[in-house]
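Chemist: here is a sequence with its predicted model. Questions after.
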Amino acid sequence: MSDNYERRGTDTGPAPAHHASEPLISRYARGDTSIPGDEVWALEAHLESCALCRARLAAAVESAAPAVTALVGGVWSELAPLLPTTAPMPGRRRWAVPLLAWASPVMMPWMCTTVLVTLLAVLFDRVSGSGIDFVLLLAPVLPVLGVAASWARALDPAYELTAGTPRAGLPLVLRRTTSVLVVVISLLTVAGWITGTTVAQWLLPCLAFTTGTLALGGLIGVTRAAAGLVLVWAAVIVTPTVAVDRTPFAFRTDALPVWAAVLALGLAVVIARRGSYALLGPLR
């Protein structure tokens, strides 16, 4: 355990909990710039859920940074009279919290595009009369574009602000990826029910491509990884499938172990390189 954290008893249970040490809180209150960035992020993340350390920080700020205390007091004296006349924020439904809190605010165009592409795939499957299952053909790459939109510097004007928060990095990437998968899997389930495509045929390739995007994204950037995988899929699978007018080997039962191996490898790479998702590099 780091020397910056210590065990203290709490009122909520007999077992002591880990809390930030007094020296670390004192340095943070003084605005010490020599504290490593990862320790600052860890402390801020801890303060979000620890009322005891927040109280200790407030006491440290009063003694170590009186100018900050005076500034906060002045702001509060101006805001306090306005609070009784301010309408409270409407409550959110509990079921809507995960999707609204985890999804990127710039993902709405991608969601609309995903719905449109899925509808077109169902339409082609109905009117083409060929042996190609268009829903099955597009299923693996549908979440890839959403993953790219959820963590792309060019698409999110608040990217730097979001990436600099304590909860940024792999946890935020996984949450946004989960919100993408919820939308895509729901759409594909309905589309598969209409066209007769079973979930077992597309779910594993869909998850494998998603983890593959994240794994490559830690190396070359999520946007570039998504674009590269889509191009490879179009060249290796989509084009030959349309040319021969039959379901490719990639969706047969014999290929499921291969997809499972790709999924496991992608997860291993994501876990091994989890620190790379918190970087503000030009490719992220």
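Modeler: That came in fine, so what should we check first?
Chemist: when you work out contacts or count neighbours from here on, use the C-alpha atoms and nothing else.
Modeler: Will do.
Chemist: can you give me the helices in the stretch 151-284 of the chain?
Modeler: Assigned by DSSP state H, counting those that start in this stretch, the stretch 151-284 of the chain shows helices spanning 159-163, 170-195, 199-220, 222-233, 239-244, 256-272.
Chemist: can you give me the buried ones in whichever helix or strand V122 is part of?
Modeler: V122 is part of helix 108-127 when elements are defined by DSSP states H and E. The neighbour-count check on helix 108-127 (16 or more other Cα atoms under 10 Å) flags W110, M111, T114, V115, T118, L119, A121, V122, F124, D125 as buried.
Chemist: and stretch 207-226, by the same measure?
Modeler: Applying 16+ other Cα under 10 Å to stretch 207-226 flags 207-219, 221-226 as buried.
Chemist: can you lay out the buried residues of helix 108-127 as TSV showing pLDDT?
Modeler: Shown next, in TSV, are the buried residues of helix 108-127 (pLDDT from 0 to 100):
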residue	pLDDT
W110	75
M111	76
T114	80
V115	83
T118	83
L119	85
A121	80
V122	82
F124	78
D125	75
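Chemist: ok, of these, which one's closest to G146?
Modeler: Minimum separation from G146 among the buried residues of helix 108-127 (Cα to Cα) is found for W110, which lies at 6.1 Å.
Chemist: that older thread, would you reformat the buried residues of helix 108-127 as JSON lines and include distance to L24?
Modeler: Listed next are these as JSON lines, based on distance: Cα to Cα, whole Å:
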{"residue": "W110", "distance to L24": "43"}
{"residue": "M111", "distance to L24": "44"}
{"residue": "T114", "distance to L24": "47"}
{"residue": "V115", "distance to L24": "49"}
{"residue": "T118", "distance to L24": "52"}
{"residue": "L119", "distance to L24": "55"}
{"residue": "A121", "distance to L24": "56"}
{"residue": "V122", "distance to L24": "58"}
{"residue": "F124", "distance to L24": "62"}
{"residue": "D125", "distance to L24": "62"}
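Chemist: which of the residues you listed sits closest to V270?
Modeler: Checking the buried residues of helix 108-127 against V270 with Cα to Cα, the nearest one is W110 at 23.6 Å.
Chemist: run a quick neighbour tally on the residue lying closest to that closest one once chain neighbours are set aside.
Modeler: Counting by Cα to Cα, 6 or more residues apart in numbering, the nearest residue to W110 once its immediate chain neighbours are dropped is G146, at 6.1 Å. When neighbours are defined as other Cα atoms under 10 Å, G146 has 28 of them.
Chemist: what helix or strand does G146 sit in?
Modeler: Judged by DSSP H and E, G146 forms part of helix 142-150.
Chemist: list the helices and strands that helix packs on?
Modeler: With contacts defined as 3 or more Cα pairs under 8 Å, 6 or more residues apart in numbering; DSSP states H and E, the packing partners of helix 142-150 are helix 108-127, helix 170-195, helix 199-220, helix 222-233.
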